[in-house]
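Novice: could you work out the structure for the sequence below:
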Amino acid sequence: MFYARQLLGLVCGVVAGSLGLTGIVVLIGFAALNAAISYFYSYSYLQVDSDKVESSELLMEGLVISVMNFLVSWIVTYTFVFLKASSPSLSAIP
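Specialist: Residues are numbered from 1 along each chain as shown. Predicted structure coming up:
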């Protein structure tokens, strides 16, 4: 679950940055997608018994690091895709 979330954060960040998406809506959308996929994966695919494991434990495992992966990949991708062409100082970067 932990590594799947990290991969999800990285992929979603690169996609959001490549498409030029900005704003709090993207961050909220990622949080909702992350929670939905984690819930589906845990309870439907792995068939975790909800009586033995709290749902908050599964939803919070690796969440902060996943959000940080998303933010870093989103910012870096957006910067190099959209701001590199408009800034002369970044255009010099090969």
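
Novice: pLDDT-wise, which helix or strand of this protein ranks last?
Specialist: Among the helices and strands of the chain, helix 88-91 carries the lowest confidence by mean pLDDT, DSSP states H and E, at a mean of 56.

Novice: run a quick neighbour tally on residue 83.
Specialist: Other residues within reach of residue 83 by the criterion other C-beta atoms under 10 Å amount to 12. To be clear about C-beta, it is placed using only N, CA and C from the backbone, and glycine gets the same treatment.

Novice: so which elements touch the one helix or strand residue 32 maps to?
Specialist: Residue 32 is part of helix 24-40, with elements assigned from DSSP states H and E. Under the contact criterion of 3 or more C-beta pairs under 8 Å, 6 or more residues apart in numbering; DSSP states H and E, helix 24-40 touches helix 2-19, helix 55-60, helix 63-78.

Novice: can you redo these as a markdown table, where the extra columns are mean neighbour count and mean pLDDT?
Specialist: Putting these into a markdown table (neighbours: other C-beta atoms under 10 Å; pLDDT from 0 to 100) gives the following:
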| stretch | mean neighbour count | mean pLDDT |
| --- | --- | --- |
| helix 2-19 | 17 | 90 |
| helix 55-60 | 12 | 69 |
| helix 63-78 | 17 | 91 |
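
Novice: export those as CSV, with columns for distance to residue 27.
Specialist: Compiled in CSV, those are given as follows (distance: least, C-beta to C-beta, whole Å):
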stretch, distance to residue 27
helix 2-19, 9
helix 55-60, 17
helix 63-78, 8
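
Novice: go through those and name the closest to residue 41.
Specialist: Within the helices and strands packed on helix 24-40, the stretch nearest residue 41 is helix 2-19; the backing value is 6.9 Å (C-beta to C-beta).

Novice: quick one: contacts of the closest one?
Specialist: The set of residues that contact helix 2-19 without belonging to it, under C-beta atoms under 8 Å, 6 or more residues apart in numbering, is 26, 30, 33-34, 37-38, 41, 61-63, 65-79, 81.
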